[in-house]
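Trainee: from the sequence below, what's the structure:
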Amino acid sequence: MRNVVAALEREVVLIEIKVTFRHFVQYQLEEPPVRPKSYTRAISWCTMALEVKEVSTILFFAFAILTAALLAEVEIQIEGKHGYAEKLPVTWKTDNKWVRLFFTGTSYHLYMGLFLLALVHLPFLIGLAWTIEREMLVLSFLAFMTVFEDFLWFVMNPHYGIRRSRRENIAWFQERWLWFVPAWYWWYLLIGVLLYLGGNHLARVISA
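Mentor: Residues are numbered from 1 along each chain as shown. Here you go, the predicted structure:
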């Protein structure tokens, strides 16, 4: 009797498995529900925007730090421990507060800044279409890279290092400090953030 009951139970289990498998196959073969095109397009746009945003942000700042480090090393080789082009044969220097509001007041730094400004626009001359959002991102990159480069000049310079990168050790940055760095760092970072967020926002709005 027990053997008969056990055999019946096995038959019932097998039948349930077969029915479940049949339902699963039928569900897979059925046509999926048709979603509105606008819904599908919105999902694909959101997914692509999130993926591209994440990757581009990482690459954007990684490349800004890389170029800043390379340029800082070049300037260390040129200037040594004498920052502010102190020992360089520059054509002019100025302590005008309005000039120094935007850059260190020497001809060396002026032309270096103009050179970098021209260089970051090279992609527009070799095929990349100019748009206002791309211009904002380019200027954002330049603002971030300028701050990173100046900071890394001290960090990588064997005559300074991170411990000696203080106000009392930097003769040409004696005024306008905010916390532990020159005040213009914060202004450039703020400008960079606003341009970066604005450029990305415009790109999303235009592509929508």
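Trainee: stretch 119-137: which residues count as buried?
Mentor: Val120, His121, Glu133, Arg134, Met136, Leu137 (16 or more other CB atoms under 10 Å). The way it works is simple: take the backbone N, C-alpha and C, and place the C-beta from them, glycine included.
Trainee: give me the pLDDT for the fourth one.
Mentor: If I follow you right, that is Arg134. At Arg134, the predicted lDDT confidence score is 93.
Trainee: element containing it, please.
Mentor: Using DSSP states H and E, Arg134 sits in helix 132-156.
Trainee: list the buried ones in that helix?
Mentor: Buried positions in helix 132-156, judged by neighbour count with 16+ other CB under 10 Å: 133-134, 136-154.
Trainee: domain map for this protein?
Mentor: Domains of the chain are assigned by automatic domain parsing as 1-30, 38-207.
Trainee: ranking the ones you listed by mean pLDDT, which is last?
Mentor: domain 1-30 (a mean of 53).
Trainee: quick check: the gap between Asp150 and Tyr160.
Mentor: 12 Å (CB to CB, to the nearest Å).
Trainee: go on, Ala183?
Mentor: For Ala183 relative to Tyr160 (CB to CB), the value is 19 Å.
Trainee: who's more crowded, the two?
Mentor: The residue with more neighbours, out of Ala183 and Tyr160, is Tyr160; 18 against 14, by other CB atoms under 10 Å.
Trainee: phi, psi of the more buried one?
Mentor: The phi/psi pair for Tyr160 (degrees, to the nearest 10) reads phi -120, psi -80.
Trainee: do Ile162 as well
Mentor: The phi/psi pair for Ile162 (degrees, to the nearest 10) reads phi -70, psi -30.
Trainee: ditto for Ala203
Mentor: Ala203 adopts backbone torsions of phi -60, psi -40, taken as degrees, to the nearest 10.
Trainee: which residues sit in contact with the spatially closest residue to it that is not a sequence neighbour?
Mentor: In space, and not counting its chain neighbours, Ala203 is closest to Glu133: 4.6 Å by CB to CB, 6 or more residues apart in numbering. By CB atoms under 8 Å, 6 or more residues apart in numbering, Glu133 lies in contact with Gly198, Gly199, Asn200, Leu202, Ala203, Ile206.
Trainee: next step: those restricted to helices.
Mentor: Counting by DSSP state H, the contacts of Glu133 place Gly198, Gly199, Asn200, Leu202, Ala203, Ile206 in helices.
Trainee: now for the second one: which residues touch it?
Mentor: If you count contacts by CB under 8 Å, 6+ apart, Gly199 has them with Glu133, Arg134, Glu135, Met136, Leu137, Ser140.
Trainee: out of those residues, which comes closest to Gly113?
Mentor: Nearest to Gly113 among the contacts of Gly199, counting by CB to CB, is Ser140 at 15.6 Å.
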